[in-house]
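**Student:** no sequence on this one, just coordinates:
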């Protein structure tokens, strides 16, 4: 069961998302919040797996709330909700540590799939959109210390492949891929695949 | 060759420019008086202190006149009316470079005016004396039958004087844009103001775009999400589906109201700037009459029933034709005939006078091009001593 917290200042967005997600047998909406300021308290109380977070909110915006959330010892994954795909907020949210982003106008099936993908943490959400958002951003110093195989794995992660798909691509076992992914996360200082991919794009690695 | 000799004598500009030269001469008079006073006083034993005071007074008066606010505007207005030069109105508030230009132009106008006055004072009496010499005995001049050549010489002298006046007037007109026209700084000021207006307009557009983006984008997002959710749970949670449909209707309604407001603002801004059309023809005619033109307007047509674009173009054609008539022929009577059935037909005619200046073909070509763009035509040309603008624009 995937526990979800909805944070959006627009009630109609929350009720719509809740209806879509609650209809799924494997997803439960644990609570709703109307501002980023409520997030920390709600997470402490309900321990969700995924937080669906709006960007623009009256008091504390979604990016600030995401940053604060990820300082917790065992933070939930954050899926940022956005009205428009091309505003700079999405890239900022990925920087702040969000695992993925979701357009509010996405189809119900896409919304559900996005929540499942982010909860599993097994593959990157919307790899093409992420690439578009992150290319051309200010670059940080290059990634160092990755082995050749780890570099290959990181490139495949950036293309959105899951562990099983990477294993098939490289003709190795899934366990081996998991080891490589773990090493990549450790060496890039990333807490999940998304953050590793963000670092890869920003360093010009992919 | 003959034209070169005769044209300056026939051109109205020669005489208008002479008037400007004479105004310069008139302005010079008080200074001549001051100078004379100064010279006589020094000759009459004026001491050093008196000389300094009197000299300082003369220079002070000269400078002060040109520094009075509005002098440059007056100079520009006079140059535009009498010299046929197209100068922009000076910017407000006046700048020091603008005042320097006012002083400079005053000096130029007085200098050339002084030359004009001196040459007229010298040449006119002599020419007159030559003209009457055969019939009147005058000192230093022959008289009687032996002086048959004197009137011819007098006439030639008058022609030469007119040519000199034309040359001086031409020199004054040529100097006006350089000495009196806008300084680089003033041009910059005008351009800056224009670009600031442009920036403000763009900022407005950006603000409106953002408002539309926010209100309509937000409403569409919410309705899309709610509709998707309602479809998803229609069977399992009909109560939610009903609420969702109500929310969609309500959100759509609110968004439409906001859209109405934003578009209302846009429409008002658009209308405030919209160019006039033929329904404003009576005002145009009144304006022309107020400017001293005798306008005869004949139309029984229903001018309000025309399409906007056609009506606007028609107004522009009339406006340009009347302006051209005034510019090229002076205050001659202008006849305007407008008919709208079966198509818009405009005919503007005025008698051609001698003072016409060539040029201005660009305006006529633009008129023809714009008429052609509307599927019509506009022509201008001379017919039996009249300048006739004839335009036909289809009503569709």
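**Tutor:** Yep, that arrived. This one's a predicted model, so the numbers in the text were calculated from it and none came from an experiment.

**Student:** What pLDDT does the model give residue A:177?
**Tutor:** If you check residue A:177, the pLDDT there is 92.

**Student:** Distance check, it against residue A:163.
**Tutor:** 5 Å (CB to CB, to the nearest Å). C-beta here means a position set from N, CA and C on the backbone, and glycine is covered the same way.

**Student:** which one of those two has more residues nearby?
**Tutor:** residue A:177 (24 against 21; other CB atoms under 10 Å in any protein chain shown).

**Student:** Ramachandran coordinates for the more buried one?
**Tutor:** phi -60, psi -40 (degrees, to the nearest 10).

**Student:** What of residue A:101?
**Tutor:** When read as degrees, to the nearest 10, the backbone of residue A:101 gives phi -140, psi 160.

**Student:** interface residues of chain A facing chain B?
**Tutor:** A:10, A:12-13, A:15-17, A:19-20, A:22-23, A:83-84, A:104-105, A:107-108, A:111 (CB under 8 Å from any CB of the partner chain).

**Student:** Quick one: residues contacting the residue nearest in space to the middle of chain B.
**Tutor:** Nearest to the mean C-alpha position of chain B, counting by CA atoms, centre = their mean, stands residue B:86 at 6.6 Å. Contacts for residue B:86 were tallied using CB atoms under 8 Å, 6 or more residues apart in numbering or on different chains; they are residue B:80.

**Student:** Which SSE is immediately downstream of the least confident helix or strand in chain A by mean pLDDT?
**Tutor:** Using mean pLDDT, DSSP states H and E, helix A:127-134 stands out as the lowest-scoring helix or strand of chain A, at a mean of 76. Downstream of helix A:127-134, the next assigned helix or strand under DSSP states H and E is helix A:148-158.

**Student:** what's next to that next one, contact-wise?
**Tutor:** Helix A:148-158 has contacts (CB under 8 Å, 6+ apart) with A:123-124, A:127, A:130-131, A:143, A:146, A:165-166, A:169-170, A:177, A:180-181, A:183-184, A:187-188, A:193, A:196-197, A:200-201, A:205-206.

**Student:** and if we set it to 7 Å?
**Tutor:** Helix A:148-158 has contacts (CB atoms under 7 Å, 6 or more residues apart in numbering or on different chains) with A:124, A:127, A:146, A:166, A:169-170, A:177, A:180-181, A:183-184, A:193, A:196-197, A:200, A:205-206.

**Student:** Going through those, which ones are buried?
**Tutor:** Neighbour counting with 16 or more other CB atoms under 10 Å in any protein chain shown marks A:124, A:127, A:146, A:166, A:170, A:177, A:180-181, A:183-184, A:193, A:196-197, A:200, A:205-206 as buried within these.

**Student:** Max pairwise distance over these: which two?
**Tutor:** Spatially, the most separated pair among those is A:127 and A:183, at 20.7 Å (CB to CB).

**Student:** mind listing what's buried in the least confident helix or strand of chain A?
**Tutor:** Buried, per 16+ other CB under 10 Å, within helix A:127-134: A:127, A:129-131, A:133-134.

**Student:** Take these and write them to JSON lines, including distance to residue B:119.
**Tutor:** Below are the buried residues of helix A:127-134 laid out as JSON lines (distance: CB to CB, whole Å):
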{"residue": "A:127", "distance to residue B:119": "90"}
{"residue": "A:129", "distance to residue B:119": "85"}
{"residue": "A:130", "distance to residue B:119": "87"}
{"residue": "A:131", "distance to residue B:119": "84"}
{"residue": "A:133", "distance to residue B:119": "81"}
{"residue": "A:134", "distance to residue B:119": "82"}
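
**Student:** Which of these sits closest to chain B?
**Tutor:** residue A:129 (17.1 Å; CB to the nearest CB).

**Student:** I'd like the distance between residue A:190 and residue A:108.
**Tutor:** Using CB to CB, we find residue A:190 at a distance of 31 Å from residue A:108.

**Student:** Compare these two and say which one has the larger neighbour count.
**Tutor:** Between residue A:190 and residue A:108, counted using other CB under 10 Å, residue A:108 has the larger neighbour count: 22 against 18.

**Student:** pretty sure that one is touching residue A:19, no?
**Tutor:** No. Using CB atoms under 7 Å, residue A:108 is not in contact with residue A:19; the gap is 8.7 Å.

**Student:** what residues are shared contacts of the two?
**Tutor:** Common neighbours of residue A:108 and residue A:19 (CB under 7 Å, 6+ apart) are B:229, B:232.

**Student:** Can you list the low-confidence ranges for the chain?
**Tutor:** Here I'm looking at chain A. Applying pLDDT under 70 to chain A flags the ranges A:86-87, A:135-142.

**Student:** looking at chain B here, not the other one
**Tutor:** For chain B (pLDDT under 70), the answer is B:66, B:91-94, B:269-274, B:354-362.

**Student:** Using the record's domain definitions, break it down for me.
**Tutor:** Recorded structural domains for chain B (assignment: automatic domain parsing) are B:2-182, B:187-273, B:278-393.

**Student:** Nearest approach to residue A:31 belongs to which of the ones you listed?
**Tutor:** Here domain B:187-273 is closest among these (CB to CB), at 18.2 Å.

**Student:** and that closest one with chain A, contact?
**Tutor:** Yes. Domain B:187-273 lies within reach of chain A by CB under 7 Å from any CB of the partner chain, at B:217-218, B:221-222, B:224-226, B:228-229, B:232-233, B:236-237, B:240, B:244, B:247, B:251.
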